[in-house]
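> my questions are about this predicted structure, shown below with the sequence.
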Amino acid sequence: MKLIQSILFIAFTLAILLTSCADDKANEVTMPHNIISVKKGILMKETYENGVQRIIENSRENGSYQATEFAWIDLDSLKNYIKLLDKVSELNNTKITGIRIYYSQYPSKKEYKYSEGEEEQLLPGRETLFFAPTIKMNSTKLSQAYPLLENVPFSIQHDGTNTLVGKLNVIEELTYKSNRKIKRFTSTDTGASLDDNNNETSLLLNELAMFPPPKND
């Protein structure tokens with residue numbers, strides 16, 4: 001009897017240890033391969049400041065314009081966004097392959113009516129970024145040379161039952177220039193509506209906190 005109890009105790013102890021090891025391995029964090037050094041990050045920022053940023057500033061407002069230095073998003077919002085993309089992937093049985101990060105610029109006040117708060121944030125005409133989740137498209141002659149182009153941004157065409165379920169349509173206007181087929185509105189449409197159709201769900205993320213440096217006195 002004691003032998004059986006001893007065997008059961010050992011088996012139970014091993015089970016706990018193995019489970020604990022498995023949990024530790026599942027929670028193990030590894031450094032991404034694309035982490036760069038602090039020195040490289042500083043050099044890249046300085047290179048931008050002395051190149052592209054200087055060109056932007058010299059070309060606007062008679063040289064008094066101060067370009068966007070960085071955009072910021074809080075971690076909880078970013079985690080929630082990833083959860084949303086995972087849910088969309090699950091509901092539509094389609095893998096979301098990644099996220100395109102687009103360099104962009106807010107429309108001028110002639111093209112879009114800003115609120116007073118938005119104008120106080122210096123949004124009109126300011127450089128920004130937006131995120132666009134991607135799905136895989138069929139290979140083309142161009143994408144065979146540049147496989148990255150096979151990951152294309154999309155929106156959801158839904159029937160009103162669930163805004164996260166429906167046909168995943170490629171946003172053609174955000175694809176590579178030579179692939180663009182349609183244009184939803186022209187940049188000369190004064191005050192053009194930037195709202196989507198009622199049956200289209202956008203997953204594009206913006207509304208980032210952007211930092212222009214303090215204006216010089």
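Yep, that arrived.

> figure out the helix or strand that the residue nearest the centre of the chain lives in.
Taking Cα atoms, centre = their mean, the centroid of the chain lies closest to residue 131, which sits 2.6 Å from it. In this assignment (DSSP states H and E), residue 131 forms part of strand 127-136.

> which residues of the protein fall in helices?
Assigned by DSSP state H, the helices in the chain fall at 2-26, 38-50, 52-58, 75-92, 116-120, 141-145.

> mean pLDDT for these: which is lowest?
With a mean of 58, helix 2-26 has the lowest mean pLDDT of those.

> burial count for the nearest residue to residue 171 once chain neighbours are set aside?
Spatial nearest neighbour of residue 171, chain neighbours left out: residue 153 (4.7 Å); criterion: Cβ to Cβ, 6 or more residues apart in numbering. Every C-beta, even on glycine, is put in place using the N, C-alpha and C of the backbone. Counted by other Cβ atoms under 10 Å, the residues lying close to residue 153 total 23.

> is residue 153 in a bridge, and if so with what?
Taking DSSP bridges as the rule, residue 153 bridges to residue 134.

> any idea of the pLDDT on it?
Model confidence at residue 153, given as pLDDT, is 95.

> separation between it and residue 176?
11 Å (Cβ to Cβ, to the nearest Å).

> then residue 102?
Distance, residue 102 to residue 176, using Cβ to Cβ: 12 Å.

> give the contact list for residue 86.
residue 96 (Cβ atoms under 8 Å, 6 or more residues apart in numbering).

> how does it look with 7 Å?
Listed by Cβ atoms under 7 Å, 6 or more residues apart in numbering, residue 86 has no contact partners.

> residue 170 bridge partners, please.
Legend: beta-bridge partners of residue 170 under DSSP bridges are residue 154.

> my guess is the residue nearest to residue 171 contacts residue 135, does it?
No. Counting by Cβ atoms under 7 Å, residue 153 does not reach residue 135; the two are 8.4 Å apart.

> circling back to that earlier point, once you drop chain neighbours, what's closest to the residue nearest to the centre of the chain?
Spatial nearest neighbour of residue 131, chain neighbours left out: residue 205 (4.1 Å); criterion: Cβ to Cβ, 6+ apart.

> where does that neighbour land on pLDDT?
Reported pLDDT for residue 205: 93.

> run a quick neighbour tally on it.
With neighbours defined by other Cβ under 10 Å, the count for residue 205 comes to 19.

> is it true that it touches residue 130?
Yes. Contact criterion Cβ under 7 Å: residue 205 and residue 130 qualify, at 6.2 Å.

> what sits against residue 130?
When contacts are counted by Cβ under 7 Å, 6+ apart, residue 130 touches 102, 104, 204, 205, 206.

> now it: closest residue in space that isn't a chain neighbour?
Nearest non-adjacent residue to residue 130, counting by Cβ to Cβ, 6+ apart: residue 206, 4.1 Å away.
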